[in-house]
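S.K.: Model the following, please.
(one chain, ligands or ions: 2)
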Amino acid sequence: MADYAYNEIAKATFNCGFKSDDRTNTGTVSLPFQMSKYDLSGLRVPLLSMKKVNERAVRVELEWYLRGESNIKFLQDNGVHIWDAWADENLELGPVYGCQWRKWEDTRAVAAEEVPELEKIGYQVVGVLGDERVVVQRFVDQLQDMVNTLRNTPDARRIILTAWNVGKLRDMKLPPCHMTFQVCSKVLPEEDRSIHGYNIGLTHLKYGYESNYAEFVEYVNSHLQGRYEFATHEAMDEFKIPRRGLFSGLYQRSVDVMVGMPFNISGYAILTHFIAQITDHMAVEFTHFGGDVHIYSDHFEGYETQMAREPIGDNDPVVLFPDHYWEIDDFAFEEVVIEGYKHHPFIKFPVAV
Ligand SMILES: Nc1nc(=O)c2c([nH]1)NC[C@@H]1CN(c3ccc(C(=O)N[C@@H](CCC(=O)O)C(=O)O)cc3)CN21
Ligand SMILES: O=c1ccn([C@H]2C[C@H](O)[C@@H](COP(=O)(O)O)O2)c(=O)[nH]1
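M.R.: Ligands and ions are numbered 1, 2, ... in the order given. The predicted structure follows:
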């Protein structure tokens with residue numbers, strides 16, 4: 001359950017953090033470099049039970065990232081106001097997350113004879129300089145590259161999405177906090193493949209989704225007495241259970257434990273499941289690496305309230321996508337469903353700007 005991993009970080013930060021000043025003049029306790037891991041098997045999503053996390057806002061924000069926009073109009077049109085305080089009067093944030101994910105700008109001035117080769121790999125001529133050098137430009141879709149690599153050469157150790165575009169930091173209203181996301185694809189041994197396939201099937205059955213995974217569970221239950229560890233690769237191939245598992249990790253340079261982190265871990269878990277589904281993987285685990293991990297001083301009271309609550313044992317949230325999803329642009333937050341989320345009431349935390 002997600003609460004335990006998250007609570008360890010929150011408690012360590014609260015109890016052992018250094019009293020620190022910060023940009024917003026709020027004051028924090030801060031504990032550098034903390035890691036936590038979240039189980040994703042069976043389409044699980046780490047949504048906390050000890051306070052309500054607005055999972056709809058998480059889905060809307062994720063679609064906004066995937067759309068590659070720098071303007072928060074989409075968020076506002078869909079009733080999400082978490083970025084309002086940072087945008088300018090035109091609702092612009094500068095080239096933040098989505099912009100870097102989908103259209104990282106690469107502009108260079110080159111000698112004319114280099115142009116034909118560069119055009120072959122997607123650069124376009126956008127101008128000529130006084131010294132006759134030619135200005136060429138392309139926009140890199142890092143997310144599409146991630147998906148393509150997972151489909152074509154999944155053993156690659158370079159499958160990375162980064163928002164930390166050093167040359168553009170000064171154009172951003174806030175430099176990216178969740179800055180670098182990496183995925184690793186692994187061929188699963190028979191038993192692991194079976195456990196993860198079975199878990200997804202159980203989730204599908206529980207929520208009435210017909211799927212190859214649900215059929216696999218029915219096969220295991222009727223032919224193997226429920227002993228999924230006896231399922232063979234051959235049988236799993238027949239049910240089209242993916243051969244590979246997906247592991248993901250996020251480096252977040254600055255972590256607001258009470259406000260940002262619950263959004264960030266659940267958002268990246270949903271992103272991992274989505275990428276897994278559209279590249280024929282099963283998501284296994286998400287690891288969160290925090291750089292400056294802090295609790296603001298005006299969150300201490302809310303922290304005490306949250307930590308005094310009992311985790312809800314049967315909080316077992318999962319995410320379900322329509323089974324036709326196969327491309328990045330298929331993601332639509334209204335169709336992405338969270339089921340099984342049980343939580344204590346919302347706690348209001350002031351957000352430091
Ligand atoms: N101090 C700070 N913390 C953050 O987490 C944060 C920033 N700044 N700046 C940029 C983004 C914006 N993000 C935000 C901003 C506000 C909420 C927020 O108001 N959360 C409320 C619930 C909001 C709702 O239900 O819609 C909360 O209490 O968690 C969450 C994430 C995350 N980021
Ligand atoms: O996704 C996010 C975005 C922001 N945060 C938090 C982390 C910090 O408390 C502030 C950013 O301030 P900096 O001075 O730029 O570090 O926002 C987050 O936790 N998650």
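S.K.: Now do the same contact list for P262.
M.R.: By C-beta atoms under 8 Å, 6 or more residues apart in numbering, the contact set of P262 is Y6, L47, L48, K51, V53. (Each C-beta comes from the backbone N, C-alpha and C, glycine too.)
S.K.: in which helix or strand would I find the first one?
M.R.: Of the helices and strands defined by DSSP states H and E, Y6 is found in helix 2-16.
S.K.: Point out the other helices and strands that that helix packs with.
M.R.: strand 28-39, helix 260-278, strand 281-296, helix 300-307 (3 or more C-beta pairs under 8 Å, 6 or more residues apart in numbering; DSSP states H and E).
S.K.: Any residue of it touching ligand 2?
M.R.: No - using C-beta under 6 Å from any ligand atom, we find that helix 2-16 stays clear of ligand 2, coming within 11.9 Å at best.
S.K.: Identify the residues contacting the next helix or strand after that helix?
M.R.: Using DSSP H and E, the helix or strand that follows helix 2-16 in sequence is strand 18-20. Strand 18-20 has contacts (C-beta under 8 Å, 6+ apart) with G27, T28, V29, S30, L31, H294.
S.K.: ok, now stretch 341-353?
M.R.: So stretch 341-353 is in contact with 22, 24, 26, 47-55, 82, 85-86, 256, 258-259, 296, 298-299, 302, 305-306, 309, 312, 314-317, going by C-beta under 8 Å, 6+ apart.
S.K.: Please flag which of those residues sit within helices.
M.R.: E55, G302, T305, Q306 (DSSP state H).
S.K.: Near ligand 1, which residues of the stretch 151-300 of the chain? Just list them.
M.R.: L174, D256, V259, G260, F263.
S.K.: let's see 8 Å
M.R.: L174, C177, D256, M258, V259, G260, M261, P262, F263, N264, Y296 (C-beta under 8 Å from any ligand atom).
S.K.: any chance of those in CSV, plus distance to L40?
M.R.: Listed next are these as CSV, based on distance: C-beta to C-beta, whole Å:
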residue, distance to L40
L174, 28
C177, 22
D256, 23
M258, 23
V259, 23
G260, 20
M261, 17
P262, 16
F263, 17
N264, 15
Y296, 29
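S.K.: between the residues you listed, which is closest to ligand 1?
M.R.: G260 (2.6 Å; C-beta to the nearest ligand atom).
S.K.: Hmm, C177 and that closest one touching each other?
M.R.: Yes - using C-beta atoms under 8 Å, G260 is in contact with C177, at 6.6 Å.
S.K.: What is the neighbour count of E8?
M.R.: Residues within reach of E8, counting by other C-beta atoms under 10 Å, total 13.
S.K.: Check K120 too.
M.R.: 8.
S.K.: ok, now which ones touch it?
M.R.: Applying C-beta under 8 Å, 6+ apart, no residues qualify as near K120.
S.K.: how close does it get to ligand 1?
M.R.: 40 Å (C-beta to the nearest ligand atom, to the nearest Å).
S.K.: Identify the residues contacting D171.
M.R.: Contacts of D171 by C-beta under 8 Å, 6+ apart are G94, P95.
S.K.: again with W164
M.R.: Neighbouring residues of W164 by C-beta under 8 Å, 6+ apart: P175, P176, M179, T180.
S.K.: Tell me which residues touch the last one, please.
M.R.: Under the criterion of C-beta under 8 Å, 6+ apart, the contact partners of T180 comprise I160, L161, T162, A163, W164, L250, Y251.
S.K.: ok, residues contacting stretch 233-250?
M.R.: So stretch 233-250 is contacted by 150, 154, 178, 180-188, 190, 192-194, 196-197, 212-213, 215-216, 219, 264, 268, 271-272, 275-276, 279-289 (C-beta under 8 Å, 6+ apart).
S.K.: if you look at it, does any of it touch ligand 2?
M.R.: No - using C-beta under 8 Å from any ligand atom, stretch 233-250 never reaches ligand 2; the gap is at least 10.1 Å.
S.K.: And the strands in the stretch 1-150 of the chain?
M.R.: 18-20, 28-39, 104-110, 124-128, 134-140 (DSSP state E, counting those that start in this stretch).
S.K.: so what's whichever residue of the stretch 1-150 of the chain sits closest to ligand 2 scoring on pLDDT?
M.R.: At 4.0 Å from ligand 2, R23 is the closest residue in the stretch 1-150 of the chain, using C-beta to the nearest ligand atom. The model reports R23 with a pLDDT of 97.
S.K.: Tell me, how many residues neighbour it?
M.R.: For R23, using other C-beta under 10 Å, the count is 8.
S.K.: what's the answer for V166, then?
M.R.: 7.
S.K.: can you check D330 too?
M.R.: D330: 16 neighbours (other C-beta under 10 Å).
S.K.: same check, this time on the one 5 residues further on
M.R.: By the other C-beta under 10 Å criterion, the neighbourhood of E335 contains 14 residues.
S.K.: Rebuild the strands of the stretch 1-150 of the chain as JSON lines, extending it with distance to ligand 1, mean pLDDT and mean neighbour count.
M.R.: Output for those, formatted as JSON lines (distance: least, C-beta to the nearest ligand atom, whole Å; pLDDT from 0 to 100; neighbours: other C-beta atoms under 10 Å):
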{"stretch": "strand 18-20", "distance to ligand 1": "14", "mean pLDDT": "98", "mean neighbour count": "11"}
{"stretch": "strand 28-39", "distance to ligand 1": "10", "mean pLDDT": "98", "mean neighbour count": "18"}
{"stretch": "strand 104-110", "distance to ligand 1": "21", "mean pLDDT": "98", "mean neighbour count": "14"}
{"stretch": "strand 124-128", "distance to ligand 1": "32", "mean pLDDT": "98", "mean neighbour count": "12"}
{"stretch": "strand 134-140", "distance to ligand 1": "24", "mean pLDDT": "98", "mean neighbour count": "17"}
